[in-house]
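Undergrad: Would you be able to build a 3D model of this:
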Amino acid sequence: MVQPSGPGVYDALSAVRRLLDELEFPFEFASAAAARRERDELLALLDLYILPRLEHPDAPLLMTVGGPTGSGASTIVNTLVGEIVTMPGVLRPTTRIPVLVHHPNDTAWFTTSDRPGWYGGEPALVERIASERVPAGVALLDAPPLDSVAASIRRPALEAIVAADLWLFITTAARYADALQWDLLGAAAQRRMSVAVVLNRVPAVAMNEVRSHLAELLAGRGLPNATLLDVIETELTSAGVLPSEAAEQVMRWFTDLAGDEQARTVIIRRTLHGAVEAVLGRLDAVLAGAGEDVFDQPTRDSLLSAASDVRRAWEDAA
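TA: Numbers count the residues shown, from 1 in each chain. Here you go, the predicted model:
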């Protein structure tokens, strides 16, 4: 078991989710608009990650591989798997819907549930591929580019990050300082999400300088302990993957993770605990900051009581 569980925790969080979903905002005050946005983000976190992970505590670690357009996320996924499972190419963005790659023995985890998210859900929203080359216990989710201007691409990209136990963030020497991705990394840090970073396509002569600057940026955004891996700029092999010498760091890290169940459990527990604490903290902040025009007293009391039930159930199950 990867976290405090039991029906009490799940039921208490489900009650919070139901109350949030029932909220109405009949007035277009600024505070109501802010509360609505916060409500929608909390629902996404509950639906896409917390409730599915609590419902499936022993499911494989879900690692989302994602970054800005042209960062090479699909190539990293193909390199980790050892064959072309998600198609890189000239057109941008190449990945238009998430591609989920998992071991055949793990198929049932991702096809038997009707809950939104990656454990089942609507097949059209994600392409699922079973491959013997992916270690059992780990699933790779190749996300669409995070900076797409098309909402139909950007939304599943952001949802893929929210749904993950671990975000393998891919960036390049040319794109690592872009503002959008740092906003997303900052949000991930605030909810204590597990993050590893691949600095891809870096000229050898600039590696030390770029890597040092990126490490400083990560520390400044609350991610001083994020694993930082690098890939020197190089040509792909005839098989469409990175050559072994260029991918050595990334492959060694991934192989070690796939072979260490305890390490995967620690990652899942950290991300889940951080997500639950983020929901409770943000809910408290919304209730404290919103006036009577947003929440009447009965609604406020119900949400406070439900949040209290979550904290009590979490402590009892620990």
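Undergrad: Can you report how many residues lie near residue 235?
TA: 8 (other CB atoms under 10 Å). In this view, the C-beta of every residue, glycine as well, is placed from N, C-alpha and C.
Undergrad: For stretch 126-135, measure first residue to last.
TA: Start and end residues of stretch 126-135 are separated by 20 Å (CA to CA, to the nearest Å).
Undergrad: How about it, which residues are buried there?
TA: Across stretch 126-135, burial judged by 16 or more other CB atoms under 10 Å covers 126-128, 130, 134-135.
Undergrad: for the chain, what spans make up the helices?
TA: With helices called from DSSP state H, the chain shows them at 7-22, 30-45, 51-55, 73-81, 151-162, 179-190, 207-220, 248-258, 261-289, 297-317.
Undergrad: Highest mean neighbour count out of those?
TA: Of all the helices of the chain, helix 73-81 has the most neighbours on average by mean count of other CB atoms under 10 Å, namely a mean of 26.
Undergrad: Which strands and helices lie in contact with that helix?
TA: Under the contact definition 3 or more CB pairs under 8 Å, 6 or more residues apart in numbering; DSSP states H and E, helix 73-81 sits against strand 61-66, strand 99-102, strand 138-142, strand 166-172, strand 194-202, helix 248-258.
Undergrad: can you give me the angle the longest one makes with strand 166-172?
TA: Orientation note: helix 248-258 sits at an angle of 170 degrees relative to strand 166-172 (axes from the mean of the first three to the mean of the last three CA atoms, to 10 degrees).
Undergrad: Who are the packing partners of helix 248-258?
TA: helix 73-81, strand 227-232, helix 261-289.
Undergrad: how about a cut-off of 6 Å?
TA: strand 227-232 (3 or more CB pairs under 6 Å, 6 or more residues apart in numbering; DSSP states H and E).
Undergrad: Tell me how far the strand it packs on lies from the chain's centre.
TA: 19 Å (CA atoms, centre = their mean, to the nearest Å).
Undergrad: Name every strand pairing with that strand and say which way it goes.
TA: strand 194-202 (parallel) (DSSP bridges).
Undergrad: Check the offset of the partner strand from the chain's centre.
TA: How far strand 194-202 lies from its chain's middle: 15 Å, per CA atoms, centre = their mean.
Undergrad: and the angle for that strand with strand 61-66?
TA: Going by the same axes, to 10 degrees, strand 194-202 makes 40 degrees with strand 61-66.
Undergrad: What residues sit buried inside stretch 185-204?
TA: 185, 187-189, 191-202.
Undergrad: Which other helices and strands does the helix or strand bottoming out on mean pLDDT in the chain contact?
TA: Every helix and strand of the chain was ranked by mean pLDDT, DSSP states H and E. The lowest is helix 30-45, at a mean of 82. Here helix 30-45 touches helix 7-22, helix 261-289, going by 3+ CB pairs under 6 Å, 6+ apart.
Undergrad: Could you dump those helices into CSV and include distance to residue 305?
TA: What follows is the helices and strands packed on helix 30-45, written out as CSV (distance: least, CB to CB, whole Å):
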stretch, distance to residue 305
helix 7-22, 9
helix 261-289, 11
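Undergrad: So for residue 314, which of those helices sits nearest?
TA: Closest of the helices and strands packed on helix 30-45 to residue 314 is helix 7-22, at 5.7 Å (criterion: CB to CB).
Undergrad: Now do the closest one against helix 261-289, angle only.
TA: Orientation check (the same axes, to 10 degrees): helix 7-22 against helix 261-289 gives 40 degrees.
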